[in-house]
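>>> return atomic coordinates for the entry below.
(one chain, ligands or ions: 1)
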Amino acid sequence: MILSVGRDKYRPPPSLRKLVRWRADRCMAPGCGMPASRCEIDHQIAWEHGGQTSLQNLTPLCKGHHIVKHHGGWIVRQIEGSGGAIEWISPTGRRYVVEPERRVPVFRTQAQGDAPF
Ligand SMILES: [Zn+2]
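Numbers count the residues shown, from 1 in each chain. As a prediction, the model looks like this:
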């Protein structure tokens with residue numbers, strides 16, 4: 001299963017798009033119920049700012065929330081290690097966390113410093 005194509009491609013391959021939509025099942029904006037099948041796939045860290053085309057940087061947003069995210073003064077990020085939860089911070093500083101419908105485990109290679117011995 002492809003979890004990332006890194007910086008090779010802007011557009012996620014079909015299997016990755018499917019996984020992003022399966023995980024969230026709907027638009028990942030607070031309180032929005034738009035089905036993921038009708039959403040756009042957002043790069044949390046914009047491609048033009050070095051964002052990767054990977055599961056950790058992609059989430060479905062409906063067209064309206066995609067526009068809000070880019071132009072509405074919100075801070076939106078995927079919470080690292082959460083399996084896909086999205087944090088939204090409003091222009092006035094209110095914080096919302098949107099949990100995905102299904103969590104996808106996060107795989108990491110163990111860093112050398114974490115070795116038990
Ligand atoms: Zn939405």
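
>>> what does the protein have sitting close to the ion?
Residues of the chain lying close to the ion by Cβ under 5 Å from the ion are Cys27, Ala29, Cys32, Met34, Cys62, His65. (Glycine included, C-beta is placed from N, CA and C.)

>>> which of the residues you listed fall within strands?
With strands defined by DSSP state E, no entry of the residues of the chain next to the ion lies inside them.

>>> helices of this structure, start to end?
In order along the chain, the chain carries the following helices (DSSP state H): 14-24, 63-71.

>>> of those, which is nearest Leu55?
Leu55 lies closest, by Cβ to Cβ, to one member of those: helix 14-24, at 6.4 Å.

>>> what sits up against the closest one?
Under the contact criterion Cβ atoms under 8 Å, 6 or more residues apart in numbering, helix 14-24 has outside partners 1-5, 12, 36-37, 39, 41, 53-55, 58-60, 83-84, 100-104.

>>> low pLDDT regions in this protein?
Scanning the chain with the threshold set as pLDDT under 70 gives 106-117.

>>> how about a cut-off of 50?
In the predicted model of the chain, residues 112, 115 satisfy pLDDT under 50.

>>> pull the residues that contact stretch 35-47.
Residues from elsewhere that reach stretch 35-47, judged by Cβ under 8 Å, 6+ apart: 10, 12, 17, 20-22, 24-27, 51-53, 57-63, 66, 69-70, 76-78, 86.

>>> and if we set it to 7 Å?
Contacts to stretch 35-47, defined as Cβ atoms under 7 Å, 6 or more residues apart in numbering, come from residues 10, 12, 17, 20-21, 24-27, 51, 57-63, 66, 69, 76-78.

>>> could you do stretch 2-10 as well?
With contact meaning Cβ under 7 Å, 6+ apart, stretch 2-10 is reached by Pro12, Pro13, Ser15, Leu16, Trp47, Gln52, Thr53, Ser54, Leu55.

>>> of all pairs in these, which one is the farthest apart?
Maximum pairwise distance in those, criterion Cβ to Cβ, is 19.2 Å, between Ser15 and Trp47.
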